[in-house]
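Peer 1: Let me see the structure of the following:
(chains A, B and C, ligands or ions: 2)
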Amino acid sequence: MDTPSPSTAPPPAVTVENLTKVFKSGFTKKPLLAVRQLSFTVGAGEVYGLIGPNGCGKSTTMKVMLGLLKATQGRATIFGRDSEEVASRQDVGFLPENPYFYKHLSGRETLNFYGKLCGLRGSELKGRTEAMLELTGLTHAAERRIGGYSKGMLQRVGLAQALIHEPRLLILDEPTAGVDPVGSRRIRDLILELKERGITIVVTSHLLEQMQEVCDRVGIMSNGRMVSEGKLEDLISVENQTELILQDASPELLARIHALVQESGGKSQLISEGKPRTTLEKLFLQSTTQTGDGE
Amino acid sequence: MANDFAPQSLMSSAPSRSAYSSFSPGRIWTMATHTVTQLIRMRILVFMGIISMVIVIAAFAFPAVSPEQQLKLLKDWTFGALKIFFIIIAIAATGLLLPRDLEDRTLYTTLSKPVPRYEYLIGKLLGVMLLLGGGLLLMDLVFSLMLYLKQSLIISSQIAALEKEQAATPENIAFIKDLNSRFGLTYSLHSAVWAIFLQASVVAAVSLLISCFASSTLFTILVGIAFVIAGHGQSLLREWFLDKMSGFWQKSLSGAIAVFCPDLTLFDLAEPAIRGEVIPLGVLTEVSGIALLYIVGYTSVAYLFFVEKEL
Amino acid sequence: MKNKILGVLLLVALGVVKVPLEDRVADSLKAAQLRDAPLALSLRESVSQMAFAAALGGLRSLVASITYLRAYVAFEDRDWGRVDSLMTLTTRMQPREAMYWDEAAWHMAYNAATSTQQREDLRAAIRNKEFREYVLRGLTIVQEGLVYNPNNPKLLVREAEIYRDRLKDPRPAAEAFLLAAKNGAKPFYERMGAYELVKLGEPRDMQQAYEILKRHYDKGFRYPSVLRDLDILERKLNIPAAQRVGHPLPPTPPPHRK
Ligand SMILES: Nc1ncnc2c1ncn2[C@@H]1O[C@H](COP(=O)(O)OP(=O)(O)OP(=O)(O)O)[C@@H](O)[C@H]1O
Ligand SMILES: [Mg+2]
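Peer 2: Ligands and ions are numbered 1, 2, ... in the order given. Have a look, this model is predicted:
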């Protein structure tokens, strides 16, 4: 359709404009507002995180971006093309949440199938398939039928098929769901590597620490609305609070600190006090030696 | 639709693959062969084994009846089995495809690739048709072989009987050969197999349309069967099931059936072919033409519904 | 939503377009003798729902073959009433299948009739009455078959044989034999017709029989029975001696000699 001329600035990788999605389902046909007036833009090369509680409309937004659902109002574009156009999908790789594949095919056949759908043929197809198996650590299981794959392996096949045609945009819906911490860390590293190569990524996850590590910008959704959006540093630093971490502090010292805070008066006050903990993730990493399925 | 953005420096490598086109036989073929693989791995070929067994049993199970009847029984049972099983395959295979993809959410990954939804549908239907065609070809071979064998056996035993009665005149031998070739293997029998292929393909197209409304395999299969029954005996169906309905309802219902149901009796060429009737090429062409109309028509309607489908 | 409405419209349009096309194809099929008359609804009472549904679904030949095989079992049990009803079902299922009519008639006029005739427990008068009834039943069947399959040689031959062998009625037998021969039965049956004509003895019939047998004689069919009947005819019709070819059967045919 409207081909942007090379001279103009490249269009943003993703735009979502005033997106509203209403589901009418069930016997009552009661409308359900899943996404309301949502707008955001993801620039080329950015890693954008969508976070929010369960059912806030993250996956719905992604499906609209892929033309799997039709927007009730508003629209989404991918590199300047309306997401309802099939052609917009040639530059996108999508990993749905809880991905599932044809269980009668082996891992390799599955990647071949998706590669062919993307127009890959011959030695290029073969090369890409093997590279993706390698990348996601599935080479050892490539001959096995998908029906016997574990959840984490399915997630990795999902990632491999999303990447098979070297898309410029990756849309990942909870890529680390069901993946063990080692695998999850690998996926995080992969995202960072792809980011380095300039691939745009839109990702959702409930693992906020990881999101923190990879995202340039995040949007926080709640009840289908964008409640907060911006650069990560801006969002997470709390300007009016200060954290002290003490080692071997005697009860007397603590009492004196309490007293000092009291004395200083004004608005300052002690909000919390306790023993810091190592993160569960770190603990798990230190104490487990198994590295993913098989291998 | 050639529109490659200027390759960005950020991209790791410039892929050499062809630009996206809105209709790609390659993608359809990929979908179709994938569908065939999927169905074959669902052990749908077991059906072929069953049909072959029916053919072999029918060929040798009834030695008591007259030779002509033996040939007829072999043909009756073969065509009965072909028709039943291939219609079941057409409905079940189609019913297993789209609703399964929806239930398993495999549709998400497929349709998030640059695959237009019509290509997805055409690919699936083509896959089912390839399976039906391949299966029928195989069964036709088995059947032809058995029939030819049986026919040769009968001819030689009849000639032997004639010789015993000292009546093996050239006249009588020619008559026996002529009779057996009329009731044995003829081109019309292959035409009748082709008609079964057409019929099963039409049923598959109708099932595909149904599965675009339905979201479950069971529903697709049940409604598919209802369509097959309605498509076979429209007038009889009305009298059989709807005796008690008033004239108005009967009329509107029969009108609806005539409009929405393909007339599947047009493809019932097995009976005349078994009887030894010749199926002229012109008639076969017409029958193939109407099958094509049904398939294209129902698939187009299926697309219009599928394109609206929320996944 | 727009596409769905379009879809419904297309479906209806397709339905409206296809009906006349379907009629056209149906007519072509009928013209090529490829379309059978719809199933008689009266059959619904005589077969199971399942079989009837299968028959409706285009599996008539399969259902017919099953009732036929059941009739065959009944025949082996000599249960003639059952043979008759099952064969009737079979022929109703596939009325265009002459083989079924032929066999149904044969079961009645030959098997059933002969078997009652041999029953020692019945009085002779009753045996003869039942024999005749079965033969006539066979005749009715074959004649009904001829309504669905006009001039079918196989059925005509069966009819002729019933008249000749079971009812000893040469005229209809001759007519049926000759009609069968005209419609593709073996040439042998034309001679059969001629033999029946000879039995009638009317001059016109004899003339016709003579023409037939002479023609066959000239074609090389010089079997003893041809020669015997030609001899009779030549004498009755006063054919000039020079043209006579027939001669009576030798008084005692020497056995085992070519
Ligand atoms: N196909 C559908 N039909 C009806 N309602 C739906 C459909 N898909 C999603 N919804 C509803 O829309 C809302 C948003 O769903 P969505 O899957 O987008 O949430 P999410 O943010 O991805 O949640 P999670 O974190 O659990 O994955 C939910 O209330 C869900 O029930
Ligand atoms: Mg989700």
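Peer 1: Next up, the contacts around the residue nearest to B:L149 when sequence neighbours are not counted.
Peer 2: The spatial neighbour of B:L149 that comes closest, neighbours along the chain excluded (Cβ to Cβ, 6 or more residues apart in numbering or on different chains), is B:A59 at 7.3 Å. All C-beta spots, glycine's among them, are computed from the backbone N, C-alpha and C. Listed by Cβ atoms under 8 Å, 6 or more residues apart in numbering or on different chains, the contact set of B:A59 reads B:74, B:146-147, B:149-150.
Peer 1: Tell me the buried residues within those residues.
Peer 2: B:74, B:146-147, B:150 (16 or more other Cβ atoms under 10 Å in any protein chain shown).
Peer 1: Out of the residues you listed, which is nearest to chain A?
Peer 2: B:M146 (32.1 Å; Cβ to the nearest Cβ).
Peer 1: give the contact list for the closest one.
Peer 2: B:55-56, B:59, B:74, B:78.
Peer 1: and the residue of the stretch 151-258 of chain C nearest chain A?
Peer 2: Ranked by Cβ to the nearest Cβ, the top residue of the stretch 151-258 of chain C for proximity to chain A is C:K154, at 53.0 Å.
Peer 1: so where does that residue fall, helix or strand?
Peer 2: Using DSSP states H and E, C:K154 sits within helix C:153-161.
Peer 1: what helices or strands is that helix leaning on?
Peer 2: Applying 3 or more Cβ pairs under 8 Å, 6 or more residues apart in numbering or on different chains; DSSP states H and E, one finds that helix C:153-161 contacts helix C:98-106, helix C:124-148, helix C:170-182, helix C:188-200.
Peer 1: Tell me which of those is the most buried.
Peer 2: Each of the helices and strands packed on helix C:153-161 was scored by mean neighbour count; the highest is helix C:98-106, a mean of 25, by mean count of other Cβ atoms under 10 Å in any protein chain shown.
Peer 1: In the chain, which residue is most central in space?
Peer 2: Defaulting to chain A. Residue closest to the average C-alpha location in chain A (Cα atoms, centre = their mean): A:V203, at 2.0 Å.
Peer 1: I was thinking of chain C, sorry if that wasn't clear
Peer 2: C:L155 (1.5 Å).
Peer 1: got the contact list for that one?
Peer 2: So C:L155 contacts C:98, C:101-102, C:105, C:142, C:145-146, C:149 (Cβ under 8 Å, 6+ apart).
Peer 1: sec struct for A:V179, please.
Peer 2: What DSSP: H, G, I helix; E, B strand; the rest coil gives for A:V179 is coil.
Peer 1: Now render the contacts of B:A59 as JSON lines, adding distance to ligand 1.
Peer 2: What follows is the contacts of B:A59, written out as JSON lines (distance: Cβ to the nearest ligand atom, whole Å):
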{"residue": "B:L74", "distance to ligand 1": "53"}
{"residue": "B:M146", "distance to ligand 1": "52"}
{"residue": "B:L147", "distance to ligand 1": "54"}
{"residue": "B:L149", "distance to ligand 1": "57"}
{"residue": "B:K150", "distance to ligand 1": "57"}
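Peer 1: which ones among these are found in strands?
Peer 2: Applying DSSP state E to the contacts of B:A59, no entry is found in strands.
Peer 1: phi, psi of the residue nearest to B:L149?
Peer 2: Note on B:A59: backbone dihedrals following degrees, to the nearest 10 are phi -70, psi -30.
Peer 1: and the end-to-end length of stretch B:162-176?
Peer 2: Using Cα to Cα, to the nearest Å, one end of stretch B:162-176 lies 10 Å from the other.
Peer 1: residues in contact with it?
Peer 2: Residues contacting stretch B:162-176 (Cβ under 8 Å, 6+ apart): B:155, B:158-159, C:186-188.
Peer 1: list the buried ones in that stretch?
Peer 2: B:162, B:168, B:172-173, B:175-176.
Peer 1: mind putting the residues you listed in CSV, secondary structure, pLDDT and distance to ligand 1 included?
Peer 2: What follows is those, written out as CSV (DSSP: H, G, I helix; E, B strand; the rest coil; pLDDT from 0 to 100; distance: Cβ to the nearest ligand atom, whole Å):
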residue, secondary structure, pLDDT, distance to ligand 1
B:L162, helix, 83, 75
B:A168, coil, 73, 78
B:N172, helix, 77, 75
B:I173, helix, 81, 73
B:F175, helix, 76, 71
B:I176, helix, 78, 69
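Peer 1: check contacts around the residue lying closest to C:E196 once chain neighbours are set aside.
Peer 2: Once flanking residues are discounted, C:E196 sits nearest to C:A174: 3.6 Å by Cβ to Cβ, 6+ apart. Counting by Cβ under 8 Å, 6+ apart, C:A174 makes contact with C:160, C:193-194, C:196-197, C:200, C:205.
Peer 1: of the contacts of B:M146, the lowest pLDDT goes to which?
Peer 2: Across the contacts of B:M146, the bottom pLDDT score, 83, is held by B:A59.
Peer 1: B:A291: neighbour count?
Peer 2: Counted with other Cβ atoms under 10 Å in any protein chain shown, residues neighbouring B:A291 total 23.
Peer 1: Please apply the same query to A:F113.
Peer 2: The number of residues near A:F113, taken as other Cβ under 10 Å, comes to 24.
Peer 1: Going by secondary structure, it is in what exactly?
Peer 2: Using DSSP H and E, A:F113 maps to helix A:107-117.
Peer 1: Check A:K21 too.
Peer 2: Counting by DSSP H and E, A:K21 is part of strand A:14-25.
Peer 1: Now do that strand: which elements does it pack against?
Peer 2: Looks like strand A:14-25 contacts strand A:30-42, helix A:58-65, strand A:73-78 (3+ Cβ pairs under 8 Å, 6+ apart).
Peer 1: Sketch out the low-pLDDT regions of the chain for me.
Peer 2: No chain in the question, so chain A it is. A:1-8, A:26-27, A:233-241, A:275-295 (pLDDT under 70).
Peer 1: hmm, I had chain C in mind actually
Peer 2: Scanning chain C for pLDDT under 70 picks out C:40-41, C:44, C:250-258.
Peer 1: cool, and the stretch 51-200 of chain B?
Peer 2: In the stretch 51-200 of chain B, residues with pLDDT under 70: B:64.
Peer 1: So which residues on it come close to chain C?
Peer 2: Applying Cβ under 8 Å from any Cβ of the partner chain, we find that the stretch 51-200 of chain B lies next to chain C at B:62, B:64-66, B:68-69, B:72-73, B:75-77, B:79-80, B:83-84, B:171-172, B:175.
Peer 1: residue contacts, B:F267?
Peer 2: Residues in contact with B:F267, defined by Cβ under 8 Å, 6+ apart, are B:195-196, B:198-199, B:202, B:287, B:291.
Peer 1: Quick check: phi and psi at it.
Peer 2: Torsion angles at B:F267 (phi, psi; degrees, to the nearest 10) stand at phi -100, psi 0.
Peer 1: Now it: closest residue in space, sequence neighbours ignored.
Peer 2: Nearest non-adjacent residue to B:F267, counting by Cβ to Cβ, 6+ apart: B:Q199, 3.7 Å away.
Peer 1: likewise B:G297?
Peer 2: Ranked by Cβ to Cβ, 6+ apart and with sequence neighbours excluded, the top spatial neighbour of B:G297 is C:L14, at 4.2 Å.
Peer 1: wait, isn't the one you found in contact with B:V301?
Peer 2: Yes: at 7.0 Å, C:L14 counts as touching B:V301 under the criterion of Cβ atoms under 8 Å.
Peer 1: Let me see the domain layout of chain C.
Peer 2: Domains of chain C are assigned by automatic domain parsing as C:40-150, C:151-250.
Peer 1: Run a quick neighbour tally on the residue in the stretch 151-300 of chain B positioned nearest to chain A.
Peer 2: In the stretch 151-300 of chain B, the residue that lies nearest chain A is B:S215 (11.0 Å; Cβ to the nearest Cβ). Counted with other Cβ under 10 Å, the neighbours of B:S215 add up to 13.
Peer 1: helix/strand/coil for the residue of the stretch 1-150 of chain A found nearest chain C?
Peer 2: Taking Cβ to the nearest Cβ, chain C has its nearest neighbour within the stretch 1-150 of chain A at A:K70, 9.8 Å off. Recorded secondary structure, A:K70: coil (three-state DSSP).
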